[in-house]
Structure formats: structure tokens, C-alpha cells
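[1] model the following, please.
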Amino acid sequence: MSGDHRSIDGPPEPGTRASTGRRSSRGFSGWGVRGQAVLAAVTTMAIVLVLAGVALLLVLRSSLLDNARDLAVQHLDSMVEQIRENDSEDLTGDLLGDSVRSGGMSGNQVTQIIDPDGTINATTNASVDDVLYGGGPLGPGQFFSSGDPGLKGLLDFDDYVVAAQGVRTPDGDKVVVVGVTTAIERDAVTTVGWLLLGGVPVLLALAGTLIWFLVGRALRPVERIRTTVAGITHQHLDERVDIPPTRDEIERLAITMNDMLGRLESADAAQRRFVTDASHELRSPLATLTTGLEIAAADPSPTTWRETSTMLQTQANRMGYLVDDLLTLTKIDDAGLRFVMQDVDLDDLLVEELARLKTVSPYVVHACIEPTRITADPQRITQVIRNLLNNADRHAASAITIDLGIGSIPSVPSLPADDDRARDSAGPTVLLTVDNDGDRIPAADRERVFDRFVRLDASRTRESGGSGLGLAISREIIRAHSGTIVATETAAGQTRFEVVLPLQNSPAAFRSTILPQIGDPPQHEDG
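    Residues are numbered from 1 along each chain as shown. Predicted coordinates for the structure are as follows:
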């Protein structure tokens, strides 16, 4: 064991061989789309051409050998017929020559008459010493012909295609052999093979060049899109790429890229508005704090400090609340909220918040509360209830009305019909309504009121209104609980906020998204 020096200290340092494994495993990824397309097309074409060439040579060889075999059999039949009709015992004399001439045999054919023991009795070509037929004895009427070499080497030909048949003559049993030379067939197949060997690379080169040109032409709009997008900075997000009229994937890519740029522009504009609004909101309490501190510093008497300390504490708290809300919204945008889901008596949470409201509100508060139980994060739901009650208290003229019970889908849905949360709310639900008799919210502003930093004209003063973040946070929390929240109005024309949440044990009650944990919700009054 002492000689084992294997290291388990950690991954190898960047730049070592091990760290380059992923890069090397990418294969041809560095070739680009154009190079990979050419490589794939040429490789595929080469495989197809090679297979087609081999098949062509096999078919050509088989066809040529079949023709030669048919010719040998045809002349064999002619020779056998003539021998049978001749009574002469001399098959080595003029009979063979006459038979050969009458059979029309050419110089690429050889005819042999052999004894059963393989001795050549007669031949049309004395230069061919070898017996063309090397098989076993053939009795009268027995026939033989050489077969197809099959997948044997493409250029591997026997010298002759042979047909043989046994015959009975006055001189005894003989074997007539006709051989057709394969030189012509071999030359034909060899010529075609060389043509293929030289032609395939040329075809591949032409195909590769053509594909390189066509792919480059097809990718030219992509390069223009890339160049355009690369030149777009955060200061010029209003620029768009040109959409080529190609009616293909390139056109759809350009459209998608423009859609993405549009979303980036909207997100950038929203971020800028967010920063501007946040700065604007923080400026007022900061100015108040600065002024109060200057007054306290100019007159250090206890009386002045007592008069300003309450105001300074209020503004400091307001800044803290605003920072908490900004932090909550930032985390919602970044990774969402994490909810500790448990069984909650919503009526108990509402009663606690109503008790708090009655101690600070000068208005009449009417409440009708039914026992309801949901699956939710109690701290976050309490935050929503507090935001809604504070908002009602801020805008009411004389009275606030709260109703909690088993309800139905709200009259004005806040989600599209095809949204999962909207479908989930169609089950058993809990309905919470918060009404106030203040100025009604115009129909055109009932969705906008949930945007960030939005204050309607009637409540633009910062001292009387909240930060404009409470309703935005409330909507995110309710959506995460598979619920809906909308602004609407009662039959009497009063402003109403409706919250719909899944009843406990309904399927939607268990569909909330669990995301990274953040701290406890801020416990403060906010709209």
C-alpha cells in the first residue's frame, strides 16, 4: 500500500490532458455547420457510390459470365449432336474439324474430346495442353457447366467457362468439353472498375464543392443575423435583424431573434423603470431624514429631538419596508420564492389581521367569515391579507367589507383560460373579497394596478399611499399558491379585490412551485 501514489485530491488543473477530454470528444464540432454538412454528405455519398460500384461490378461480371456459359452450352449441344450422327470411330481427324467449323466456333473457344481417364483425344487448340474439365467421370448424357464465382474477388476470373457432357461413341465413352475464354469479360469488368475508381473521387469532389457552395449560400443570412446581433448593444436594443423572404428555418430564426430582441428591449425598459421608480421612492424619505437630521443638529435641545425623532423613525421604517419589498421582488424575478406549505386555517389568519386593522383604521369594518382551511404558507398568505386590508384602509371613504367563504371562480379571471392555474381554480375554492367604498378603479386600470410602482391618479401622493409594490407582490404569492387575484367592483359600484385559492385537499392545492428559500416576509403596512 505504501507504494500506491494515486491522487484523490480533486479534479485535474485546467489545461491538463484530463481537462481537454470534453473538448476532444466533440469530434468535428469545430468544423462549423458548413464543414460538417459537406463531410456528412460526402461521406454518405462515398459509401453509397462504393456499394453501388461493387454491386455494378458483381452484376456486370455475373451477366458476362452467364453469356459466356450460354455460348459454351450452345456449342456443346451442337458438338454432341454431330458426334452422335457420325458413325466414324475417328474423332481425332476431319470429323472434329468439320464439327467445329459447322458449329461456327471462334478463336475464343476451345473444344476437347477426352477419355474418361482424362486423356485428350482431340482438341481445336493444340496450344491448350491442360484438360479444361477437371471434374469426375461423366457417363453418357451427364452434363456439367462451371458455376458463378459469386462474391469471389471481382477481378478473379477462371481462364475458361466450361461446359462438358458425356457421350457414347463407337470408340467408347467420351467426354466433350467446350471452353469459352473469359479474357473479354475480365477486360470489361477491369475497365469498368478502373472507371469507377477514377470517377468516384471526381464525383465526390464535385459534390463536396457544390454542397459547400449551397450550404454557404443558405447560411449567408444566418451570418448576417449573427453579425447584426453581435453589433447590438444595450444602448441600441431597438435594432432588429432583417427577415429573409425564404419561408424556411432561416426566416423563422430571424423572426424568433427579433422576438427575443423585443423581449430584451422590454425587459431592459422595465428594469430601467424599476430602477428609476425605486430611486424616486427612496428619494423622498431620504430627503426627509436629511432635513430632520439637519434640524436636530442645528438645535440639539431635547425638545427638538423629541419632535423630530418620531418623524425620522417613520421615514426610516418606510425606507426599510420599501427595501424589503424591492428585495422580495428581486428574488421573485431571480429564482422565485420558497413556500413552507402546511394546513392553514385561513379564517384565523384573517381574524388576526382584522383585529390589527380595527386598532389603526378610522373606518367601519364589516366582516363575514366562514371557517376555511387551505394548504399554504401562512406567513406569505398573511402578507397578502395585510396588503389587501392596508390598501382598502388607504382608499376607503367610510367603510371596509371583508367576506371569506367557499366560493366560485372570480368574475374577472386574472389568468388565460389555457393556464394551468386557471384550470386548477375550477375545483373547490376559497373566495376572499375585500371591498372599500372609496373611488372605484376604472376598468382600464384593473389589471395595471398589479404592476410595480403603479399608483392611480387618486393616490399619487407618497405620504398617503404605499410604495406601489404590495399588490404586485400579492399577485406573485397568490399565483404561486395556484390561485388568482383580481380587481373588480361590487354590484353597488364599490372597489373589490377578489382572491381565489384552492380548498384544502383539492388537486390544485398541491401544485405550488417550491423554489429557493428567502427570508420571512416583511411585516409592515404596504400597498
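[2] how about residue 41, nearest residue that isn't a chain neighbour?
    residue 211 (4.9 Å; C-beta to C-beta, 6 or more residues apart in numbering). For glycine as for every other residue, the C-beta is placed from the backbone atoms N, C-alpha and C.
[3] how far away from the center of its chain is whichever helix or strand the one you found is part of?
    Per DSSP states H and E, residue 211 falls inside helix 183-230. Counting by C-alpha atoms, centre = their mean, to the nearest Å, helix 183-230 is centred 30 Å from the centre of its parent chain.
[4] ok but residue 366 is inside a strand, no?
    Yes: assessed by DSSP: H, G, I helix; E, B strand; the rest coil, residue 366 belongs to a strand.
[5] how about the nearest residue to it, chain neighbours excluded?
    Using C-beta to C-beta, 6+ apart, the closest residue to residue 366 is residue 401 (4.5 Å).
[6] pLDDT score for that neighbour?
    Note on residue 401: pLDDT of 95.
[7] now do residue 423
    At residue 423, the model reports a pLDDT of 46.
[8] same thing with residue 251?
    87.
[9] number of residues surrounding it?
    The number of residues packed near residue 251 is 14, by other C-beta atoms under 10 Å.
[10] what residues are up against the residue nearest to residue 245 when sequence neighbours are not counted?
    Distances taken as C-beta to C-beta, 6+ apart place residue 251 nearest to residue 245, at 7.0 Å, with adjacent residues excluded. Residues in contact with residue 251 (C-beta atoms under 8 Å, 6 or more residues apart in numbering) are 243, 244, 245.
[11] among those residues, name the buried ones.
    By neighbour count, with 16 or more other C-beta atoms under 10 Å, the contacts of residue 251 hold 243, 244 as buried.
[12] and the contacts of residue 251, which is closest to residue 361?
    Distance to residue 361 across the contacts of residue 251 (C-beta to C-beta) is lowest for residue 243, with 57.3 Å.
[13] got phi/psi on the closest one?
    Dihedral pair for residue 243: phi -100, psi 110, per degrees, to the nearest 10.
[14] re the thing from before, need the contacts of residue 251 in a markdown table (columns: distance to residue 371 and pLDDT).
    A markdown table is the format used below for these (distance: C-beta to C-beta, whole Å; pLDDT from 0 to 100):
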| residue | distance to residue 371 | pLDDT |
| --- | --- | --- |
| 243 | 59 | 85 |
| 244 | 64 | 83 |
| 245 | 64 | 84 |
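[15] same for the lengthiest helix in the chain, what does it pack against?
    Ranked by residue count and defined by DSSP state H, the top helix of the chain is helix 32-85. When contacts are defined as 3 or more C-beta pairs under 8 Å, 6 or more residues apart in numbering; DSSP states H and E, helix 32-85 sits against helix 94-102, strand 109-114, strand 143-145, strand 160-169, strand 172-181, helix 183-230.
[16] which of those has the lowest mean pLDDT?
    helix 94-102 (a mean of 55).
[17] what does the pLDDT read for residue 520?
    You'll see residue 520 listed with a pLDDT of 39.
[18] what's the first helix or strand after the one helix or strand residue 267 maps to?
    Using DSSP H and E, residue 267 falls within helix 249-298. As assigned by DSSP H and E, the chain's next helix or strand after helix 249-298 is helix 302-334.
[19] just the residues contacting the helix or strand following that following helix, thanks.
    Going down the chain from helix 302-334, the next helix or strand is strand 342-345, by DSSP H and E. Outside strand 342-345, the residues within contact range by C-beta under 8 Å, 6+ apart are 371, 372, 373, 374, 375, 376, 377, 378, 381, 504.
[20] right, and residue 277 touches residue 455 too?
    No: contact criterion C-beta atoms under 8 Å: residue 277 and residue 455 do not qualify, at 10.1 Å.
[21] before we move on, back to that, state the distance from the residue nearest to residue 366 to residue 391.
    14 Å (C-beta to C-beta, to the nearest Å).
[22] who's more crowded, these two?
    With neighbours defined as other C-beta under 10 Å, residue 401 and residue 391 compare such that residue 391 has more, 26 against 19.
[23] so what does the helix or strand encompassing the more buried one touch, helix or strand wise?
    Following DSSP H and E, one finds residue 391 within helix 378-395. Under the contact definition 3+ C-beta pairs under 8 Å, 6+ apart, helix 378-395 sits against strand 342-345, helix 346-360, strand 399-407, strand 429-436, helix 470-480, strand 495-502.
[24] off-centre distance for it?
    43 Å.
[25] tell me the mean pLDDT over that helix?
    Here the average pLDDT along helix 378-395 is 92.
[26] what angle separates it from helix 346-360?
    40 degrees (axes from the mean of the first three to the mean of the last three C-alpha atoms, to 10 degrees).
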